[in-house]
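> mind folding the following:
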Amino acid sequence: MTTILVTGATGQVGRRFVPRLLQWVAPDETVRVLVRGEESARHFTELGAEAVLGDLRDADARKRALEGADAVVNVAAAFRGVPDEEAWAVNRDAAIALGREAAAAGVRRFVQASTNLVYGAGRGRPAAASDPLQPETSWGVYPRSKAEAEAGLAEVPGLAPVVVRLAFVYGEGDPHLTQSARFIVGWPAHRRLPMVHHADVAQALFRALRTPGIEGRIYNAVDDAPVTAWDLHRLNGIPFPAENADAVDPDPWNGMADNLPLRDELGWRPLHPSVWSARDAGAL
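Now for the predicted structure:
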């Protein structure tokens, strides 16, 4: 029997990934989640998962969650609206500790969810997994904490994590799309935001979990058509600010990332290649 531990199951990504994972695993496989609240534990056990109560930052909780686990998918993240120290503690410190303990426990596959914000700007082309990282500073400590988590996990002997760097995640009622209106206020109409739908995040993580022979590889999960600031305003029903009419995007490649390795090596194909196909499918 295989046991797959998923962290961050109550977050925007995790709460949509776990139900899909439960559908995709074999009958003799167990999906285990590490959650902090009893209500969340009941929710996931009712779906068919095994729940362990505890905080990812707690060593004892990690030990209990890892007992007998064969694989780990770490989607836990602290991002918007949390103190910097919490972001560092969850995104970097707890992730690296989990990786070390997973390797010691004999976990065979460790999938780490990261972000395309680790790349930074200034390349004049879509970023590739092999590029040196220069995390964005305008998004707070989140990109740096994720970049340092990747670096720390890569150094864990015997772990060889598979990293999936996610673009701006949206869909299925996730408030991210609505919240995007807050940070695009000063953007020119043509500035683009690379995105990826939750359905496509889930299949990327699952393929990273299942595909043999990809230990230590890094993949970008991003759809085929980044959305402009103009269209983000339209999607949110907000008039485009007239004062932005003459604004210029200093780096049109900022945030763009190459998804070809995810396609070629893992067979990933986005169910929603753009936000418009997701809109037409009623999947926003």
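
> which parts of stretch 18-37 are buried?
By 16 or more other Cβ atoms under 10 Å, the buried positions in stretch 18-37 come out as 18-22, 25, 30-35. Placement of C-beta: from N, CA and C, glycine included.

> in helices, which of these fall?
Among the buried residues of stretch 18-37, DSSP state H puts 18-22 in helices.

> JSON lines for the buried residues of stretch 18-37, including distance to residue 63 and pLDDT?
Below are those laid out as JSON lines (distance: Cβ to Cβ, whole Å; pLDDT from 0 to 100):
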{"residue": "18", "distance to residue 63": "21", "pLDDT": "98"}
{"residue": "19", "distance to residue 63": "26", "pLDDT": "98"}
{"residue": "20", "distance to residue 63": "27", "pLDDT": "98"}
{"residue": "21", "distance to residue 63": "22", "pLDDT": "98"}
{"residue": "22", "distance to residue 63": "24", "pLDDT": "98"}
{"residue": "25", "distance to residue 63": "23", "pLDDT": "98"}
{"residue": "30", "distance to residue 63": "17", "pLDDT": "98"}
{"residue": "31", "distance to residue 63": "19", "pLDDT": "98"}
{"residue": "32", "distance to residue 63": "13", "pLDDT": "98"}
{"residue": "33", "distance to residue 63": "16", "pLDDT": "98"}
{"residue": "34", "distance to residue 63": "11", "pLDDT": "98"}
{"residue": "35", "distance to residue 63": "16", "pLDDT": "98"}
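
> make a markdown table from the residues you listed and add distance to residue 242 to it.
Below are those laid out as a markdown table (distance: Cβ to Cβ, whole Å):
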| residue | distance to residue 242 |
| --- | --- |
| 18 | 44 |
| 19 | 43 |
| 20 | 42 |
| 21 | 46 |
| 22 | 49 |
| 25 | 52 |
| 30 | 56 |
| 31 | 50 |
| 32 | 53 |
| 33 | 48 |
| 34 | 48 |
| 35 | 46 |
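
> residues touching stretch 243-256, excluding its own?
By Cβ atoms under 8 Å, 6 or more residues apart in numbering, the list of residues contacting stretch 243-256 from outside reads 116-117, 119-127, 167, 186-194, 222, 226, 229.
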